[in-house]
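K.L.:
return atomic coordinates for the entry below.
(one chain, ligands or ions: 1)
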Amino acid sequence: MSHTIDVPISYQQDYRIHIGNNLWDQITEFCAGRYSPRRAFAVVDEKVYRLHADRISAGLNSYFDQVGTYVVPEGEKSKSSTQWQQVVDFVLEQGAERGTPLFAVGGGVTGDLAGFAASSALRGLPLVHLPTSLLAMVDSSIGGKTGINHKVGKNLVGAFYQPDAVFADTRFLETLEKQEWINGLSEILKYGAIHSPEIFETASELVSGAGFQPTEKWTDLIAQSASIKVEIVEEDTLEAGVRAFLNFGHTFAHAIEKEAGYGKISHGQAVFAGMIAAVYASTQLGAHINSTRFETFKPLYPIKLYELVPQMDKLIRAMKTDKKVKDGNIRLILLDEWGSPYIYPCEDTGLIEAAWSFAYKQFS
Ligand code: NAD
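P.N.:
Next comes the predicted model:
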């Protein structure tokens, strides 16, 4: 079964997210109703290209006469000004016009990079996301954030730029490595914590049952997760309020990633540890919840916090310099109860220290 979710951005503009197994007919139909068949661009993750080039080119060439393909080297380092420049050079030198669509085919790295290139070349080319990692399907392809990293920090250069459509074809997940499924799973569990606690049970059944295969039940869970992100982003397109809830666990996670050194721990692993710290901080402020809901998933996250960051005070310092700090306060996303998040401007580093101590014990 496939799912569609409508994403209203304003009364003038909306787009649709399609989620299902093998969506090429729907992609062709969408393109035929929207774009000239003359030309399109595909910006494709290197590994995805290696594994799926035939399907991608057959799919896009079934409608477009010419498809210019730019292959993005795999990995976070590609979210760079150099890669952005090369994508823009490529599309301009190949004669992009204002209406030439650009397809971003890959995980969050390719989506963020290609999305930013689409937002800036000719002041905006039509963008279509074809997310291929679990994380990109449930998170990064939704919400319009695009961008690249800067030497000062991650995601510091970019634009809010909405796509014309998102097609999450779960067939791509057949080749996704287990570690990348686990990365995406952290964001799914986040939706469980901040919105729909029943996700914990569904995810637990999937992990212990079918495992990491794109079954119909996984497709349903991806669609449920995407709808939650849509619901939150729809309320707060430019991240002025409730969108911050999506950062549950992330302020802690960013500190681990930064202090361990980017690449030493995956984002998903750091988010999992960060969520455990955030649940603990919530309980210290009176919430009657505990981290047992996360326990089932702990074996998937063999994190050694002491080895990654031996000095806890470095993590606290890193949190104070997070870009989401406001008026000097660390803005934590905490829970009143499962499914009920709130923003807590934290003046008390004692609370943060206690949360880290708990996380260090959990991941020793
Ligand atoms: P990624 O794009 O690096 O993909 C992870 C790995 O999976 C890569 O090695 C890639 O080659 C591989 N891969 C992707 N699809 C595959 C497939 N179908 N088969 C086999 N391998 C495949 O990373 P990611 O986890 O998808 O995304 C992380 C990025 O997303 C980060 O840069 C993060 O900042 C960004 N992000 C953006 C937003 C947003 O709102 N824009 C939200 C969350 C994360």
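
K.L.:
enumerate the residues of the chain near the ligand.
P.N.:
Residues of the chain found near the ligand (C-beta under 6 Å from any ligand atom) are 45, 47-48, 51, 74-76, 79, 106-110, 112, 132-133, 135-136, 139-140, 143, 145, 155, 172-173, 175-176, 180, 183. (Each C-beta comes from the backbone N, C-alpha and C, glycine too.)

K.L.:
which ones among those map onto helices?
P.N.:
Residues of the residues of the chain next to the ligand located in helices (DSSP state H): Lys47, Val48, Leu51, Gly108, Val109, Thr110, Asp112, Leu135, Glu180, Asn183.

K.L.:
what sits against the second one?
P.N.:
Residues in contact with Val48 (C-beta atoms under 8 Å, 6 or more residues apart in numbering) are Ile56, Val105, Gly106, Gly107, Thr110, Thr132, Phe172.

K.L.:
pick out the most distant pair among the residues you listed.
P.N.:
Maximum pairwise distance in the contacts of Val48, criterion C-beta to C-beta, is 14.4 Å, between Ile56 and Gly107.

K.L.:
quick one: which of these two has more around it?
P.N.:
Comparing Ile56 with Gly107 by other C-beta atoms under 10 Å, the one with more neighbours is Gly107, at 29 against 22.

K.L.:
now that one: closest residue in space that isn't a chain neighbour?
P.N.:
Ser133 (3.5 Å; C-beta to C-beta, 6 or more residues apart in numbering).

K.L.:
try Lys190
P.N.:
Lys190 sits nearest to Phe248 (C-beta to C-beta, 6+ apart), 5.3 Å away.

K.L.:
local confidence estimate at the one you found?
P.N.:
Note on Phe248: pLDDT of 97.

K.L.:
identify all contacting residues around whichever strand or helix holds Leu221.
P.N.:
Leu221 is part of helix 216-235, with elements assigned from DSSP states H and E. When contacts are defined by C-beta under 8 Å, 6+ apart, helix 216-235 is touched by residues 1-3, 5, 7-9, 17, 19-21, 134, 137-139, 142-144, 168, 170, 173, 187-188, 191, 195-196, 199, 202-203, 205-206, 210, 241-243, 245-246.

K.L.:
just how off-centre is the following helix or strand past that helix within its chain?
P.N.:
Under the assignment DSSP H and E, the closest C-terminal helix or strand after helix 216-235 is helix 250-260. Here helix 250-260 is found 16 Å from its chain centre; the criterion is C-alpha atoms, centre = their mean, to the nearest Å.

K.L.:
out of the residues of the chain next to the ligand, which are buried?
P.N.:
45, 47-48, 51, 74, 79, 106-110, 112, 132-133, 135-136, 139-140, 143, 145, 172-173, 176, 180, 183 (16 or more other C-beta atoms under 10 Å).

K.L.:
separation between the nearest residue to Gly75 once chain neighbours are set aside and Ile330?
P.N.:
Among residues not flanking Gly75 along the chain, Val109 sits closest, at 6.8 Å (C-beta to C-beta, 6+ apart). Counting by C-beta to C-beta, to the nearest Å, the gap between Val109 and Ile330 amounts to 27 Å.

K.L.:
now Asp236
P.N.:
20 Å.

K.L.:
ok, Gln85 next?
P.N.:
Distance, Gln85 to Ile330, by C-beta to C-beta: 35 Å.

K.L.:
those two: which has the busier surroundings?
P.N.:
Neighbour totals were compared for Gln85 and Ile330, and Ile330 leads with 23 against 12 (other C-beta under 10 Å).

K.L.:
and the gap between that one and the ligand?
P.N.:
According to C-beta to the nearest ligand atom, to the nearest Å, Ile330 and the ligand sit 20 Å apart.

K.L.:
residues in contact with stretch 69-77?
P.N.:
41-47, 49, 56-57, 78, 83, 86-87, 90-91, 106, 109-110, 113-114, 149, 262-263.

K.L.:
please list only the buried members of the residues you listed.
P.N.:
Buried among the contacts of stretch 69-77 by 16+ other C-beta under 10 Å: 41-45, 47, 49, 56, 78, 83, 86-87, 90-91, 106, 109-110, 113-114, 149.

K.L.:
out of these, name the ones that lie in strands.
P.N.:
Phe41, Ala42, Val43, Val44, Asp45, Gly106, Asn149 (DSSP state E).

K.L.:
turn the residues you listed into a markdown table, including distance to Arg293.
P.N.:
Shown next, in a markdown table, are these (distance: C-beta to C-beta, whole Å):
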| residue | distance to Arg293 |
| --- | --- |
| Phe41 | 43 |
| Ala42 | 40 |
| Val43 | 38 |
| Val44 | 37 |
| Asp45 | 33 |
| Gly106 | 31 |
| Asn149 | 32 |
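
K.L.:
quick one: which of these is nearest to the ligand?
P.N.:
Asp45 (4.7 Å; C-beta to the nearest ligand atom).
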